[in-house]
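1. task: produce atomic coordinates for the following.
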Amino acid sequence: MDELSTLAASHLIEQYHNELKIYLIQHNHSPDTAEDILQDAFIRLVQAKPGGEIKNPRAFLYKIVSNLAIDYHRSHKRRQNRHADESELVELTDQTPSLEHQIYTQEQLTFLKRAISELPPKCRQVFILHKFRFYPYSKIMQELNISESTVLKHMVKAMQHCRKRMSELDLD
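-> Numbering: from 1, shown residues only. Down below sits the predicted model:
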């Protein structure tokens, strides 16, 4: 077989169609993708100029299909990488808070600082040690020489006061 006519290529594809489709599906291609690759193989067969006699048409066809499957896989992977890069960019830009959000956050921080400054000194000290310096109650008890119930009372009072003041910000 020197050159493949359209009729010969069509006959060859038809003859090995099911076998090639199973081969492609076994190599992780969907049935639709397998059909697309087989159509491309037909076009390649018609355009092929082997430069000599094709001694084993089946092997020649398998080689074309195999190369097309590799090309498809590479192309698909490039598209996925491009989409992944685009989604990473979207994620990066989405991470930046809006100016409105930044201003609101600054306002909340100012309100919280004001609320903490309004607390009685011992209550403020307990609250700051626990919430900002991450001291456990036992360490606060030792450092300030107060009982656990006193630490709890100060924390409850501080939390109630801060919540009340922060809710006033939301009402404005």
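2. contacting residues for Ile128?
-> Ile116 (Cβ atoms under 8 Å, 6 or more residues apart in numbering). Backbone N, C-alpha and C define where each C-beta goes, glycine included.
3. just to confirm, which helix or strand has it in it?
-> helix 121-131 (DSSP states H and E).
4. give me the mean pLDDT for that helix.
-> Per-residue pLDDT over helix 121-131 has a mean of 94.
5. list the buried residues in it.
-> Cys123, Arg124, Gln125, Val126, Phe127, Leu129, His130 (16 or more other Cβ atoms under 10 Å).
6. what do you get for stretch 150-165?
-> So for stretch 150-165, counting by 16+ other Cβ under 10 Å, buried means Thr150, Val151, His154, Met155, Ala158, His161, Cys162.
7. helix, strand or coil for the second one?
-> For Val151, the secondary structure call by DSSP: H, G, I helix; E, B strand; the rest coil comes out as helix.
8. tell me where this protein has helices.
-> 6-26, 31-47, 57-95, 99-117, 121-131, 137-144, 148-171 (DSSP state H).
9. which of the ones you listed comes out lowest on mean pLDDT?
-> Taking the mean pLDDT of the helices of the chain, helix 57-95 comes last: a mean of 76.
10. for stretch 12-23, buried residues please.
-> Quick answer for stretch 12-23 (16+ other Cβ under 10 Å): Leu12, Ile13, Tyr16, Leu20, Lys21, Tyr23.
11. can you redo the residues you listed as a markdown table with distance to Arg82?
-> Supplementary listing: the buried residues of stretch 12-23 in a markdown table, determined by distance: Cβ to Cβ, whole Å:
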| residue | distance to Arg82 |
| --- | --- |
| Leu12 | 35 |
| Ile13 | 32 |
| Tyr16 | 34 |
| Leu20 | 29 |
| Lys21 | 29 |
| Tyr23 | 28 |
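12. would you map out the domains in the protein?
-> Following automatic domain parsing, one gets these domains for the chain: 6-95, 99-171.
13. any idea how far apart the tips of the shortest one sit?
-> To tie it back to what came earlier, the one meant is domain 99-171. Domain 99-171 has its terminal residues 21 Å apart, counting by Cα to Cα, to the nearest Å.
14. check the offset of that domain from the chain's centre.
-> 37 Å (Cα atoms, centre = their mean, to the nearest Å).
15. if I look at Gln47, how far off is Tyr135?
-> From Gln47 over to Tyr135 the distance is 77 Å, taken as Cβ to Cβ, to the nearest Å.
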